[in-house]
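[1] here you go, sequence then predicted model.
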Amino acid sequence: MKKTTALLVLLFLATTVSFAKMKQPAPDFVRILHSKKHTLFIKVNRFFVGGTVEIYSAKKKFLEADVLPHELTKIFFDDAPSGKYIIKVKKGKMSFEFEYKNS
């Protein structure tokens, strides 16, 4: 009886684990939480933790990149001139980009 029960439990675990796969990010990949003077507060989906955030000028010129160690991130535009910027969050094949206007 114990062998049958153990075999059924093992079979159940094997089948459920084989169908498990990584969840894709939710539609709200990146949310802008708050924007103060020269500082942007964003929250990324857990999927993007460990990925990179890249900042481009409005003319698509690469300016800076950094790793995303947490879901909540601050991006500082203290030394950057006023204008539009493109912020791209990437990890693997997934990426998300949005515009930010620094005033």
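    Received the coordinates, thanks.
[2] now the residue nearest to the spatial centre of the chain, nearest residue through space, not along the chain?
    Residue closest to the average C-alpha location in the chain (Cα atoms, centre = their mean): residue 48, at 2.5 Å. Counting by Cβ to Cβ, 6 or more residues apart in numbering, residue 48 lies nearest to residue 91, which is 4.9 Å off, once chain neighbours are set aside. From N, CA and C alone the C-beta is placed, and that goes for glycine too.
[3] compute the number of surrounding residues for the one you found.
    Residue 91 has 19 neighbours, counted by other Cβ atoms under 10 Å.
[4] for residue 72, same thing?
    10.
[5] apart from its chain neighbours, what residue comes closest to it?
    Nearest to residue 72 is residue 43, by Cβ to Cβ, 6+ apart, at 5.4 Å.
[6] what of residue 60?
    Leaving aside its chain neighbours, residue 60 sits nearest to residue 86 (7.1 Å; criterion: Cβ to Cβ, 6+ apart).
[7] I'd say the one you found and residue 61 touch.
    No: shown here, residue 86 and residue 61 do not form a contact pair, counting by Cβ atoms under 8 Å, at 9.7 Å.
[8] which of these two has more residues huddled nearby?
    Higher neighbour count among residue 86 and residue 61: residue 86, with 18 against 9, using other Cβ under 10 Å.
[9] coming back round to it: any idea how far the residue nearest to residue 72 lies from residue 69?
    Plainly put, residue 43 is 13 Å away from residue 69 if you go by Cβ to Cβ, to the nearest Å.
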